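**Q** here are the coordinates; sequence isn't available:
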């Protein structure tokens, strides 16, 4: 087999993953064992998940943060130290929540990848700004990106975008998990593809 063909075949089995993290003000509050804040619990959990995927599965990882706006903060990399440093700088920053915009930015980061493409979006579950989550999920789906959304907080029934996520998961556009604790968030991450 030609070396370029073999390289492409090997890479097509690996994952490029963009973690999309809610950095809105509501993520600065703690709930249950998601302390001292939901954001700090998410950062710690994502750091561990990214470390496993980079070291053991040769994944490349990118990061997008959002509140009322979405910001790509790390392009795809296999360098764990860049991921850890970028995660450590995240703070609950601003008002509003635009997960649809963040999903679009994450999809753009994955353009051109010949690997399997995955977005893992973690939020406390509001949508009050930006692109509708349904259109953003369709954009990702039409770009061959698998999407895994993990909402965090006390109750799945209290997630403000529950109806949209129910519809999108039942239509096969994405997978949705809810985590009321850090342990549930870890289990949800393991259910996302490429774990």
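**A** Everything's here; your move. The structure presented is a predicted model; accordingly, all values stated were derived computationally and were not measured.
**Q** end-to-end on stretch 174-193?
**A** End-to-end distance for stretch 174-193: 11 Å, by Cα to Cα, to the nearest Å.
**Q** residues in contact with that stretch?
**A** Stretch 174-193 has contacts (Cβ atoms under 8 Å, 6 or more residues apart in numbering) with 15, 32-34, 41-42, 44-46, 48-49, 116, 118, 120, 122, 137, 140-141, 146-156, 159, 165-166, 168-169, 195. C-betas here are computed from N, CA, C, even on glycine.
**Q** mind checking how far residue 143 is from residue 109?
**A** Here residue 143 is placed at a distance of 11 Å from residue 109 (Cβ to Cβ, to the nearest Å).
**Q** Buried ones among the contacts of stretch 174-193?
**A** Burial by neighbour count, judged by 16 or more other Cβ atoms under 10 Å, picks out 15, 34, 41-42, 45-46, 49, 116, 118, 120, 122, 137, 140-141, 146-153, 156, 159, 165, 168-169, 195 from the contacts of stretch 174-193.
**Q** list the helices and strands the lengthiest helix in the chain packs on?
**A** In the chain, assigned by DSSP state H, the helix with the most residues is helix 38-57. Packing partners of helix 38-57 (3 or more Cβ pairs under 8 Å, 6 or more residues apart in numbering; DSSP states H and E): strand 15-22, strand 60-66, helix 80-88, strand 116-123, strand 145-152, helix 182-191.
**Q** Run the chain-centre distance for that helix.
**A** Remark: helix 38-57 is offset 11 Å from the chain centroid, using Cα atoms, centre = their mean, to the nearest Å.
**Q** can you start the count at 51 instead of 1 from here on
**A** With the count now opening at 51, the last piece we talked about shows up as helix 88-107.
**Q** Contacts made by that helix with the rest, please.
**A** By Cβ under 8 Å, 6+ apart, helix 88-107 touches 64-65, 67, 69, 71-73, 76-81, 83-85, 109-111, 128, 130, 133-134, 137-138, 140-142, 170, 172, 174, 202-203, 232, 235-236, 239, 244-245.
**Q** Can you select the buried ones from these in PyMOL?
**A** Buried members of these, defined by 16+ other Cβ under 10 Å, are picked up in PyMOL with:
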select buried, resi 64+65+67+69+71+72+73+76+77+81+84+109+110+111+133+137+140+142+170+172+174+202+203+232+235+239+244+245
